[in-house]
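Asks: whatever this is, show me its structure:
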Amino acid sequence: MSLSQFRARHAQDLRQRRLDALLDSASPELAIRSLRGDELYDLLRAGDLNEHADLLAHARPEQVQVVLDLALWEGDRLSPRRLEDWIYLIAGMPTDTVGRWIAGLDIELVGLMIRKGARVYDLEIDGPPDEPEGIAWPTPDGLFVLDIRGYQAQAAEEVPEGDESTAGVTSQSAEAIVQLMDRLYRADLTLARRILVGVKAELDSDLEETAYRWRQGRLQDLGFEDPLAAREIFRELDPSSVHLGELRPGTRVRASGPDGDQVTGGLPPALAAELDGASPFASAVSRVTDPAERTELNAALAALANRYLAAERVDPANDAAVAAHLGRLRASLDLGVEYLARQGGGAFDEDRAVDAVRTVAVTRLFRVGVSLTGKLRALARALLRRGPFAALAIDGVELTEEPEATALASVNRFVPAFPRLLDDPPANGERPIGSLADVARLTAAIERAAAAQAMLVGLGARPAHLSAQALAGVEPADRTALDASVLARTALVRLLLDEGEADGAAREAAFRPLTPAEVTRFKQRYGQSEALARRAEGLLAAVIPPRLDRAGREVSARWLSSLAPLEPVLVRSSR
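Replies: This is a model prediction of the structure:
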């Protein structure tokens, strides 16, 4: 099982436990009504949706609106596939509940829910359909006829050509739409008429655009901002500008609901799962014991999590994706807390870690972590774009060896990651960067890659030596097989055969692919002799950049080990 799948399953277990505790409380109805809409949505996803009718029945219309905001949309479009899942639950509610909900929902959303599954005929204008495609349902007032196909039928029109899984189907959700409309008419005939008049008069695109605009406003109140605006949380800062004590405990700014009241409550289950461990941030949060402070902290974390998911365009209904992204969020918070707990380069101080979560805004803690990983990205991009061999990337030549090549690729992205190839023991895949030790290992990998290129220049290698013309007739012919070690061995073999100490210009002029005779002569002369190691080590030591001494010595040791026995070098074919 992947880590993201484990986190998603753990979040599901937490969700179910929280739901059970809610239903076992002294007053479940009041407890349910006190939840934020996004919290209620999370609880409804514990187990089968249709098992939670009793839970949803107690919800306020404002809560139901947020639930549908999160549940029914894919991007900026209302999803017929998701409507298919939810219509049964909504239509199965008592008549007075349906009437109360519909009256409190956006009329544009209700209109879309009808339009996505039915066509409305105004009998004063159109007359009834001659051959209905679905269920022909005349309204009790005799003013309209609805040709109800359901949502699956519309979804079938949107599947790729050749996929016949749902084609030509009048969905079973058609019966649920009939039931919903019947209950709506019974609850409020005037409202039902007004909705159908609007459905008939408005274009789908206008209804959808307006409904989406209202949805975005509500979600922004909960932290689900516009993706571009939400990316403000990734804006880097100077980590040294963040200090303990910036915030007085008990004075956090909380997210506000649509009515302007501050929202409180528990953490989203996926985020609660991330904090159910021994990471620096989770451990520090667990030591915040004041109930009021903890409530404020939870509200701030929930808002940050929502902004993070919005910035990354993550579908809140995708448990695995939410779990994976919130794992990265927690890792950045871990990094921010550890930085403040070790400020000044000392040992990790648990009391300072607790002070960090109590007296520094969680968004600033997150941005400290983002900024530290951003420095890694900047280092990697500087090497990839302005390194001595950067121009070769256009031709697909990447000289960086492993594991440095994987490290550069992992950090050269909007959200850098840690390649498990650098773990001990090494493994496949990636994980979030969650500690200063991770930052140090990645920094060392980037420095090794930089040192290797600088040392190649010192040995005489230049980008011009790797052009297609310069390597004509070279074995292997595939230029993408080249890396820094191949070039280094090629240069070292020539220098060791020449015996003399050439300067930089002479080395550059002398760099070229070897002949088969030169390779044979090198093996005969040096073999396993100690002289080889001594001379080669001296040559490499002379080209190590002073500021990259440690990284250069590590690269040097790697290259020395590949000289005896001699690993691949550039050899010009004798044919």
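Asks: give me the pLDDT for Q154.
Replies: In this model, Q154 is scored at 56, pLDDT.
Asks: sorry, wrong one. I was asking about G250.
Replies: At G250, pLDDT is 66.
Asks: where is the longest helix in the chain?
Replies: Under DSSP state H, the helix in the chain containing the largest number of residues is helix 362-386.
Asks: so what secondary structure elements neighbour that one?
Replies: Judged by 3 or more CB pairs under 8 Å, 6 or more residues apart in numbering; DSSP states H and E, the packing partners of helix 362-386 are helix 291-311, helix 319-341, helix 404-411, helix 436-458. In short, each C-beta sits where N, CA and C put it, glycine included.
Asks: mind listing what's buried along the last one?
Replies: Read it as helix 436-458. Judged by neighbour count (16 or more other CB atoms under 10 Å), helix 436-458 contains these buried residues: 436, 438-439, 441-458.
Asks: between that helix and helix 362-386, how big is the angle?
Replies: Here the directions of helix 436-458 and helix 362-386 differ by 10 degrees (axes from the mean of the first three to the mean of the last three CA atoms, to 10 degrees).
Asks: angle of helix 436-458 against helix 319-341?
Replies: On the basis of the same axes, to 10 degrees, helix 436-458 is oriented at 90 degrees to helix 319-341.
Asks: what helices and strands are in contact with helix 436-458?
Replies: On a contact count with 3+ CB pairs under 8 Å, 6+ apart, helix 436-458 meets helix 319-341, helix 362-386, helix 404-411, strand 418-419, helix 484-498, helix 549-561.
Asks: what does the helix or strand following the last one contact?
Replies: Proceeding N to C from helix 549-561, the next assigned helix or strand is strand 571-572, under DSSP states H and E. Outside of strand 571-572, the residues within contact range by CB atoms under 8 Å, 6 or more residues apart in numbering are G473, V474, E475, R512, P513, L514, T515, P516, V519.
Asks: which of those scores worst on pLDDT?
Replies: Of all these, E475 carries the smallest pLDDT score, 65.
Asks: so where is this structure shaky, pLDDT-wise?
Replies: 1-14, 46-47, 153-171, 250-251, 253-266, 475-480, 499-502, 528, 574-575 (pLDDT under 70).
Asks: quick one, what contacts the spatially most central residue of it?
Replies: In the chain, the C-alpha nearest the mean C-alpha coordinate belongs to H325, at 4.4 Å (CA atoms, centre = their mean). Residues in contact with H325 (CB under 8 Å, 6+ apart) are Y308, L309, E312, V314.
Asks: state the distance from T95 to Y526.
Replies: Separation of T95 from Y526 (CB to CB, to the nearest Å): 93 Å.
Asks: try L247
Replies: 65 Å.
Asks: which one's more surrounded, those two?
Replies: With neighbours defined as other CB atoms under 10 Å, L247 and Y526 compare such that Y526 has more, 20 against 16.
Asks: list the contacts of that one.
Replies: Y526 sits next to L496, L532, L563, A564 when contact means CB under 8 Å, 6+ apart.
Asks: out of the helices and strands packed on helix 362-386, nearest to D226?
Replies: helix 291-311 (7.2 Å; CB to CB).
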